[in-house]
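*Asks:* When you get a sec, could you give me coordinates for this:
(2 chains)
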2 protein chains.
Amino acid sequence: MNTQHKTETKTVLQKENNFSEWYSEILKRAEILDVRYPVKGVYVWYPYGYKLRNLTYAFLRSLMDKDHEETLFPMLIPKEELMKEREHIKGFEEEVFWVTKGGSTELDVPLALRPTSETAIYPVFKVWIRSHRDLPIRIYQIVNTFRYETRHTRPLIRLREITSFKEAHTAHASRAEAEEQIKKAVALYKNFFDVLAVPYVTTKRPGWDKFPGAEYSIAFDTLMPDGRTMQIATIHLLGETFARTFDIKYEDKDGSLKYVNQTCYGISERCVAAVISIHGDEHGLMLPPAVAPIQVVIVPIVYSSEGEKKETDVGKICSEVFAKLKEAGIRAFFDDSAERPGAKYYRWEMKGVPLRIEIGPRDIRNNRCVFVRRDDFSKLQVPISNVVPEAKRALNEIHTCIAKRAKETFFAHVSEGEGEMETRSSTAQGIVSIFLCEREKCGQEVVARLGAGVTVLGEPIEGDKAEGGETSVKSAEGNCIICSRKGRRVYVARAY
Amino acid sequence: MNTQHKTETKTVLQKENNFSEWYSEILKRAEILDVRYPVKGVYVWYPYGYKLRNLTYAFLRSLMDKDHEETLFPMLIPKEELMKEREHIKGFEEEVFWVTKGGSTELDVPLALRPTSETAIYPVFKVWIRSHRDLPIRIYQIVNTFRYETRHTRPLIRLREITSFKEAHTAHASRAEAEEQIKKAVALYKNFFDVLAVPYVTTKRPGWDKFPGAEYSIAFDTLMPDGRTMQIATIHLLGETFARTFDIKYEDKDGSLKYVNQTCYGISERCVAAVISIHGDEHGLMLPPAVAPIQVVIVPIVYSSEGEKKETDVGKICSEVFAKLKEAGIRAFFDDSAERPGAKYYRWEMKGVPLRIEIGPRDIRNNRCVFVRRDDFSKLQVPISNVVPEAKRALNEIHTCIAKRAKETFFAHVSEGEGEMETRSSTAQGIVSIFLCEREKCGQEVVARLGAGVTVLGEPIEGDKAEGGETSVKSAEGNCIICSRKGRRVYVARAY
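*Replies:* Numbering: from 1, shown residues only, chains lettered A, B, ... in the order given. Presented below is the predicted three-dimensional model:
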């Protein structure tokens, strides 16, 4: 297949103050998603985009598989099951797609396209769980889920079909074990986003903004280049809410029947949106080596003046280097197409390949090649005999550099809000922390005063802010900026 | 998670003349699918079943990835697109699930849950394909598809949600190239089913039974233990039918605009149903090593009379053997649970683990272990130092043996039908070949005379029958058994 958008000249797509347009252009030019499908809010994954998606989810799977088991539950949920948990359905009622017909027959029971799978999974947990020996259960699935979005949709970010929802569901014998699982899930997600070099804050969402049916919700938020935060993961303590609704009980060691204690947590393809948005620059994608479909591209430099013999040599050495890299487990690609080298550079820069190796006749005479890094375009001459260890080192360095850069940018946009006016201007740039009490009324007042799009993200999870390494640990308690009662430090920001 | 159905005693589940019940019991006891989901025709994959599914599809992916690219298209298809290709929709109209509501809002355009993705993909091919340089396109996706089945549903076989449909779609510059692709697809699928040790015949379906919208259809059919055939793969030459409907043209080298020539081909989770049904026996699953979630299980034999010291030794040696097997890339499991060895044997026999290694105190004294094969329960003493190469050899032999056994059983049930009465009794057992002309009327007459459930599978693809090695090549031409006009040899059978 040969759908690539030819990039004959170096692309310069302004990103600053132009994020929305930049994002659309990059998705098209780097061949991540095609937006020309004739249904609102659903898109087509190009092969290159889907490789990036698959590598990202393969890594997520490898983390999950350590102590979860992958399963698959049905996509269709009968209306009565979906409606069982009242608080839960209140949160989703207006967003559910309904299947009402099969052929020309009206269905007896309307079937919902899963917006999330609690109500598909928990009736089955009820029959799976009998005894304390059946616990804990830790399962996950990677599935398509659906939301009837009435707001403005955006590829990978706000969708009617979420194609890649990784949702985990766990059941435990006690609340203490469920809370322990919450901590493990936070650690697992931190590990995941660290490898994607995506910075985040983790907060406990305000009580009025938790997942419908949860006791509390923890969320990961990253910062997009337009200064808005994007929620990239959520983790919920469900406690006994669903267990009581779906009657999920186990027989404890002493013979008594108890409700299980549950958690659930999820990540969608927003993780791919974050990778694209945070690292990309005016020349295209810049992919973290861990998930780059091509980690190293080899470009032969063939000067026609050097004659045919030399060209053959260049091709031969490139093939050898390519074979060595592949053997070492590096995702390499040898671009021996007929285009001129410049055109190749621009294409693979657009596609975010972390490392380019150039090999020309003069290099061969000197038994060397040239490494060009995508993150800073720095060049390095490397002996051909060292190409594998040097490529590994370069990929590691590239990861470290883009992670550091992303983190610095992120924490430069996390600031303290002392007075209201200052907060208002700061939220135009990123995340601001203020003191707020727990009452929803004060939360709403803050949102009203700070303007459209501002959200209370919630209280930072302990130890989280310190990881930025840039700001000192601030007091967690202070007076609510609305009512002056006792409050706690919370983050506010304009959010996606 | 600990949902396994305890198998404390050796299972004896009669399979012969009892296939339907056997199949249901095996799905439950081996933990492949849970059928207790409250919607007809949709089921829950247990973790063990999903591992089998993932390994099967990982292998299929590895075959596809050689010259196809994986993509993902949306699940929702607007009514007008689905309805565009008249012949196509005639075949699906009464089987389509319709989404008609989002929240409480009636949708302007009803959205179909894809029954298959031609009408989702080809409008996008129209914008992807401009020039002969864009061809060929060879893509595939692995997705859930939906059919409003009104017939009796059955796990993995007849579903309302097909969870694992691998569908490939290709576009070419000429019919010759499309036909070449058909041959490649047949070869690829043969490779796939050979590794699953699933025998098949390939036939060209009769004109009146081809895929709606195709010029012709080729199908793979295997034989289930109840004597009925099951279609496990289909391959379609679409020619220009969809290209004309969806206006998919390319500019040829001479500047002229031409329609592309298309093919599509698919495999669903029926491939997993075939593996389970064909190889399983009265003790449970018997999985081909290529897709077995656990290829080797290690069971320590601990006699309490031997004292604690010896038990520790057994555990230590088992761990070492386990580590060696894993290091060699074998999917091994060390069952060091507290149950007695017999209970372990029965559980892993039920789950179809190809090879069991038993290690007890006496074995350790003799530096050996005991291999027990799932396919014939034969035992072999193996020096512990040789365990890795011997395990590899045993797994290869097990594959060869179950493949041979399956093929022999299969071709013992493919016979010639000379007269009508003989054919009738033979179709109770398997596949019969008769001579039939091309007219649908004669096909219907055959079905009417041979009784309920009998289908004309179609004309064997050249060279296919010979692979059985059991029957000599028969004449392809003869007189139609209905009208005595010139006909060709076709297979008939009772089919799922």
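
*Asks:* From here on, just use CA atoms for contacts and neighbour counts.
*Replies:* Will do.

*Asks:* Would you check that A:Thr11 makes contact with A:Gly284?
*Replies:* Yes. Shown here, A:Thr11 and A:Gly284 form a contact pair, counting by CA atoms under 8 Å, at 7.4 Å.

*Asks:* which neighbours do the two share?
*Replies:* Taking CA atoms under 8 Å, 6 or more residues apart in numbering or on different chains as the contact rule, A:Thr11 and A:Gly284 both touch A:Met350.

*Asks:* So between the two, which is more surrounded?
*Replies:* For the pair A:Thr11 and A:Gly284, the greater number of neighbours falls to A:Gly284 (31 against 15), based on other CA atoms under 10 Å in any protein chain shown.

*Asks:* can you give me the helices for the stretch 51-200 of chain A?
*Replies:* A:79-82, A:86-92, A:118-128, A:175-195 (DSSP state H, counting those that start in this stretch).

*Asks:* From those helices, pick the one with the highest average neighbour count.
*Replies:* Highest mean neighbour count among the helices of the stretch 51-200 of chain A (mean count of other CA atoms under 10 Å in any protein chain shown): helix A:118-128, with a mean of 19.

*Asks:* follow-up on the earlier one: looking at the helices of the stretch 51-200 of chain A, which is closest to chain B?
*Replies:* helix A:118-128 (6.3 Å; CA to the nearest CA).

*Asks:* which residues are in contact with the closest one?
*Replies:* A:73-77, A:81-82, A:84, A:114, A:134, A:169, A:242-243, A:246-249, B:3, B:36-37.

*Asks:* who does the nearest residue to A:Ala332 once chain neighbours are set aside bridge with?
*Replies:* Once flanking residues are discounted, A:Ala332 sits nearest to A:Val296: 4.7 Å by CA to CA, 6 or more residues apart in numbering or on different chains. Per DSSP bridges, the residues bridged to A:Val296 are A:Ala332, A:Leu355.

*Asks:* Identify the residues contacting A:Val296.
*Replies:* Contacts of A:Val296 (CA under 8 Å, 6+ apart): A:330-333, A:353-357.

*Asks:* Next: A:Ile398.
*Replies:* With CA under 8 Å, 6+ apart, A:Ile398 has these contacts: A:288-289, A:354, A:373, A:375.

*Asks:* just to revisit the earlier point, with distance to B:Ala197 and mean pLDDT added, can I get the helices of the stretch 51-200 of chain A in a markdown table?
*Replies:* What follows is the helices of the stretch 51-200 of chain A, written out as a markdown table (distance: least, CA to CA, whole Å; pLDDT from 0 to 100):
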| stretch | distance to B:Ala197 | mean pLDDT |
| --- | --- | --- |
| helix A:79-82 | 41 | 95 |
| helix A:86-92 | 46 | 84 |
| helix A:118-128 | 33 | 98 |
| helix A:175-195 | 38 | 98 |
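
*Asks:* Put together CSV for those helices, with distance to B:Thr263 on each row.
*Replies:* Formatted as CSV, the helices of the stretch 51-200 of chain A follow (distance: least, CA to CA, whole Å):
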stretch, distance to B:Thr263
helix A:79-82, 39
helix A:86-92, 41
helix A:118-128, 36
helix A:175-195, 40
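
*Asks:* quick one: low-confidence ranges for the stretch 301-450 of chain A?
*Replies:* For the stretch 301-450 of chain A, applying pLDDT under 70 flags the ranges A:303-312, A:417-424.

*Asks:* Okay, helices next: where are they in it?
*Replies:* A:307-327, A:341-350, A:361-365, A:387-412, A:420-426, A:440-450.

*Asks:* show me what contacts A:Met75?
*Replies:* By CA under 8 Å, 6+ apart, A:Met75 lies in contact with A:113-114, A:120, A:144-145, B:161.

*Asks:* Which residue ranges make up each domain of chain A?
*Replies:* A:19-279, A:296-409, A:413-494 (automatic domain parsing).

*Asks:* need the residues of the stretch 201-350 of chain A near chain B, please.
*Replies:* By CA under 8 Å from any CA of the partner chain, no residue of the stretch 201-350 of chain A approaches chain B.

*Asks:* on that earlier part again, point out the most buried one among the helices of the stretch 301-450 of chain A.
*Replies:* Taking mean count of other CA under 10 Å, helix A:341-350 is the most buried of the helices of the stretch 301-450 of chain A, at a mean of 22.

*Asks:* Now do that one: which elements does it pack against?
*Replies:* Packing partners of helix A:341-350 (3 or more CA pairs under 8 Å, 6 or more residues apart in numbering or on different chains; DSSP states H and E): strand A:296-300.

*Asks:* Just the angle for the strand it packs on relative to helix A:387-412, thanks.
*Replies:* Angle of strand A:296-300 versus helix A:387-412, following axes from the mean of the first three to the mean of the last three CA atoms, to 10 degrees, is 120 degrees.

*Asks:* what mean pLDDT would you report for strand A:296-300?
*Replies:* Confidence for strand A:296-300, expressed as mean pLDDT, is 98.

*Asks:* Which residue does the stretch 151-300 of chain A have closest to chain B?
*Replies:* Closest point on the stretch 151-300 of chain A to chain B, by CA to the nearest CA, is A:Glu161, at 7.4 Å.

*Asks:* Which residues are in contact with that residue?
*Replies:* Contacts of A:Glu161 (CA under 8 Å, 6+ apart): A:41-42, A:144-147, B:74-75.

*Asks:* how about 7 Å then?
*Replies:* A:41-42, A:144-147 (CA atoms under 7 Å, 6 or more residues apart in numbering or on different chains).

*Asks:* Would you mind giving those as CSV with pLDDT added?
*Replies:* Output for the contacts of A:Glu161, formatted as CSV (pLDDT from 0 to 100):
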residue, pLDDT
A:Gly41, 97
A:Val42, 98
A:Asn144, 98
A:Thr145, 98
A:Phe146, 98
A:Arg147, 97
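
*Asks:* out of these, which touch chain B?
*Replies:* By CA under 7 Å from any CA of the partner chain, the members of these lying near chain B are A:Val42.

*Asks:* ok, so of the contacts of A:Glu161, who is nearest chain B?
*Replies:* Using CA to the nearest CA, the contacts of A:Glu161 come closest to chain B at A:Val42, 6.2 Å.
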